[in-house]
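>>> here is my input; please provide its structure:
(2 chains)
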Number of protein chains: 2
Amino acid sequence: MTADADRADAEDHPHAHPAPTVRVALLGCGNVGGALAEILLTRAEDVAARTGIRLELVGIAVANPDKPRSPAIDTDLIGTDAAALVARDDVDVVVELIGGLHPAHELIETALRNGKPVVTGNKALLATAGAELAEAAAAAGVDLLYEAAVAGAIPVIRPLRESLAGEQILRVMGIVNGTTNYILTRMEEQGDDYDDVLRDAQELGLAERDPTADVEGHDAAAKAAILAALAFGSDIVDADVHREGISGVSAADVAYASRLGYSVKLLAIAELVDGGPEISVRVHPAMVPRAHPLAAVRGAFNAVFVEGAVSGEIMLYGRGAGGGPTASAMLGDLVDAARNLLAGAPSPAPKRTSTTVRPQADMRSAFYLSMDVADRPGVLAAVAKIFGDHDVSIRAMEQVGLAEEARLIFLTHVAREGDLLATIDELRRHQSVDRVSGVLRVIGGHDEDGAGGTP
Amino acid sequence: MTADADRADAEDHPHAHPAPTVRVALLGCGNVGGALAEILLTRAEDVAARTGIRLELVGIAVANPDKPRSPAIDTDLIGTDAAALVARDDVDVVVELIGGLHPAHELIETALRNGKPVVTGNKALLATAGAELAEAAAAAGVDLLYEAAVAGAIPVIRPLRESLAGEQILRVMGIVNGTTNYILTRMEEQGDDYDDVLRDAQELGLAERDPTADVEGHDAAAKAAILAALAFGSDIVDADVHREGISGVSAADVAYASRLGYSVKLLAIAELVDGGPEISVRVHPAMVPRAHPLAAVRGAFNAVFVEGAVSGEIMLYGRGAGGGPTASAMLGDLVDAARNLLAGAPSPAPKRTSTTVRPQADMRSAFYLSMDVADRPGVLAAVAKIFGDHDVSIRAMEQVGLAEEARLIFLTHVAREGDLLATIDELRRHQSVDRVSGVLRVIGGHDEDGAGGTP
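Next comes the predicted model:
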């Protein structure tokens, strides 16, 4: 049976008939694709019983057909021509698992133009060409769904698109990269150095051999762009996201933050600034107060914190990666896409509008700074004067002796980020300052100034 | 414009046309209804921009039309005849906010039979007549949506219905009552007695003058029945849910649990037992290890922890009550119901099947027990023998002196609940045992036996 043939039936007797069948093609069959193919091939009856829709896997396009795969996957299903598979008349829905920009972009666009809904988790593509693909989907009146693109199995995209559809979103703030959260958690819990934990993570397969995409925040920045599009209809792409990674965070910074009651987390943030319409979209490590729900997100787990004008604070937590969890998210999308295809009505998608991003230098936040200085009289006064000259007010200072040198730790009141950067610039040029190392923004709860800016 | 008139348009050009209008009636206008009415009356344009659907509030039925309300609510909208409002031709969707079983049940059923989708948060009604109402909705081919019935603004129902639609759910475990969580959090953080905190909570409006529904777990049991229906298609009603409240939990129990690294939480649990098909649905206080995400849920917040076979662990966290958060959840449902009405295809609803509930006496768990005994030689041996006679193995014991008496604290290995109850029964009859007070199940992470039962 095809989607079209069943449509009338499904509408007349939505619950009485045998489940209509929707035919699925997978592009790519690695870790996630393999898990999804196995579910589709071995649990189709269960899925049909739970959802009223039978998902039939009719083809899989892969680069290397000879790679060993699960015995559940019939080799007859496997081919190498993805474009031909997308074009097949007996394919109703396409799941894109190839990753990267090309040929994923062209394949998805072709599927959409031919009225075939697409399920993908391709965050790199969505963060650059998301607006364009959303338009193609809207023009064709079919779904482009991507729950798996942010935070794996955790329902994040759907709540933003649907549960909070009528809500004014004020802020979305998440731990959306498991590798960096694993590294920072180990640094906090065991006092280990960044380099050592990174090496362990690489050996455990939790970090890539080239870890740049994770540790420098590129992966999180792509997700921040996707979340900003959903929350604010913004059309900003990943390259526009202010981005700082965790490679500059030292064990000493993490230990000091912990002593003060904070956990250091790499956050992806998209928020209205001062009530809007300007937004801020950024990725950086930050000190999160231990009482904040995000501070309790440990190891490779992910979580996304959403603040709505009416709903208040919501947090969605779970496994952000892994074949099974990611396949589960895609299965949810697939059921939705199939259901909407049968009904002839796609999921609502937020309108994209041109949004203005507040320049990072004009954002306001409290900061943590650590610096190594020569241990001689007058240095603290000189350093304090530099802060004052740039309108950055010091909330707390502590000195830690280091033989010839001293380490100074500062917490500032809420300050304009441009002023803080100018302060650091001048500090670095001062003859008694050897090094300004850790610079971390401090999140909420500790701001005596009551000023806005960083939550 | 009516829903019907727009349907063809909406399908042909899903994103190009002015937003179609769907006309909404509210039954009830208290705390939640007032908040929802204000959103519908003041933010219709924003909602239409975000969702593509214009929600027009056309009538409100209330018991007392003279009660003071927000000036945003035009008095022309207000009437007293709920049945007449439901029957009006210009009402497309009905929001039920009256609460209780009657006349809510009849009003909802009438609306559904007339092809009008219903949004409700009426947990008492859903937990008793949910299966029947779901059937009426399915027969009419329209939505019965109730995100607000469990955990307020937190998207819980929708992820279970949709995101995890293809997933085999293994367990749903939640903190779904804010009053009891506020009380237990205060007891833990400030060492206060149950009675004192309850009195404070009543003064703060966080607990009802008659707190029974909250503190004895009736509210949580209704939510557990609703979650079991969604997760397992179970047809059990709230009266079938094993239920224990928190009125027997002492400050000493909470302090002792805290010293051992646990937080005491009132949990609503629905789970497959030993892989199914039997399920267990229950509400009781439990010791939750501090590293578990549910232990970090403090004060009046709610959270629901979902374990899927493929998705792994997911937690959904936020405000479980309050006019704004609850209205936000209902608004999300309203958008969904309106969208599905225009498309002519309701949301998928899980099939209800007759499920077997494992008797509570046959469930297995580790337990915490505290008892007051006469402080004389031989008592511990006598007490230990009683445990052994009933096949309950002791993992740890501690004695706390209390003048004439001594308090004994026990942690057991995983034991059959019936055996534990028989142990308590015999202990209570023993001449040297004055009182068996705290009895708490211990949740996961600490079970050296590796046995199943309570997670």
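>>> does residue A:125 touch residue A:97 like I think?
No. Counting by Cβ atoms under 8 Å, residue A:125 does not reach residue A:97; the two are 11.8 Å apart. Where C-beta positions appear, they are placed from N, C-alpha and C, glycine not excepted.
>>> so for the two, which sits in the more crowded spot?
residue A:97 (27 against 24; other Cβ atoms under 10 Å in any protein chain shown).
>>> following the chain onward from the longest helix along chain A, which element is next?
If you go by DSSP state H, chain A has its longest helix at helix A:323-343. Scanning forward in sequence from helix A:323-343 by DSSP states H and E, the next helix or strand is strand A:364-374.
>>> which residues sit in contact with residue A:86?
Counting by Cβ atoms under 8 Å, 6 or more residues apart in numbering or on different chains, residue A:86 touches A:25, A:27, A:94, A:107, A:110, A:111, A:114, A:116.
>>> out of those, which are inside helices?
Those of the contacts of residue A:86 mapping onto helices are A:107, A:110, A:111, per DSSP H.
>>> what is the nearest of those to chain B?
Closest approach between these and chain B, by Cβ to the nearest Cβ: residue A:111, at 17.3 Å.
>>> I'd say that closest one and residue A:118 touch.
Yes. Residue A:111 lies in contact with residue A:118 (Cβ under 8 Å); the separation is 5.1 Å.
>>> which residues are in contact with both of those two?
With Cβ under 8 Å, 6+ apart as the test, residue A:111 and residue A:118 both reach A:94, A:96.
>>> correct me if wrong: residue A:185 contacts residue A:298.
Yes. Residue A:185 is within contact range of residue A:298, at 4.7 Å (criterion: Cβ under 8 Å).
>>> more crowded one of those two?
Applying other Cβ under 10 Å to residue A:185 and residue A:298 shows that residue A:185 carries more neighbours, namely 20 against 17.
>>> I'd like the next helix or strand past the stretch of helix or strand the more buried one belongs to.
If you go by DSSP H and E, residue A:185 is part of helix A:178-190. As assigned by DSSP H and E, the chain's next helix or strand after helix A:178-190 is helix A:194-203.
>>> any chance you could list what contacts that next one?
Residues contacting helix A:194-203 (Cβ under 8 Å, 6+ apart): A:179, A:182-183, A:186-187, A:207-209, A:211, A:215, A:246-247, A:249-251.
>>> mind doing that once more with 10 Å?
The contact list for helix A:194-203, computed with Cβ atoms under 10 Å, 6 or more residues apart in numbering or on different chains, reads A:178-180, A:182-187, A:190, A:192-193, A:206-211, A:214-215, A:246-251, A:253-254, A:300.
>>> PyMOL command to pick out the buried ones of the residues you listed?
Here is the PyMOL command that selects the buried residues among these (16 or more other Cβ atoms under 10 Å in any protein chain shown):
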select buried, chain A and resi 178+179+180+182+183+184+185+186+187+192+206+207+211+214+215+246+247+249+251+253+254+300
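>>> what is the helix holding residue A:185 packed up against?
In terms of contacts (3 or more Cβ pairs under 10 Å, 6 or more residues apart in numbering or on different chains; DSSP states H and E), helix A:178-190 is packed against helix A:194-203, helix A:212-215, helix A:218-232, helix A:251-259, strand A:262-272, strand A:279-289, strand A:301-308.
>>> mind giving me the domain ranges of chain A?
Per the record, chain A has its domains at A:3-153+A:323-343, A:157-319, A:360-442, by automatic domain parsing.
>>> as a markdown table, these with mean pLDDT would be great.
As requested, the domains of chain A are exported to a markdown table (pLDDT from 0 to 100):
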| stretch | mean pLDDT |
| --- | --- |
| domain A:3-153+A:323-343 | 89 |
| domain A:157-319 | 94 |
| domain A:360-442 | 92 |
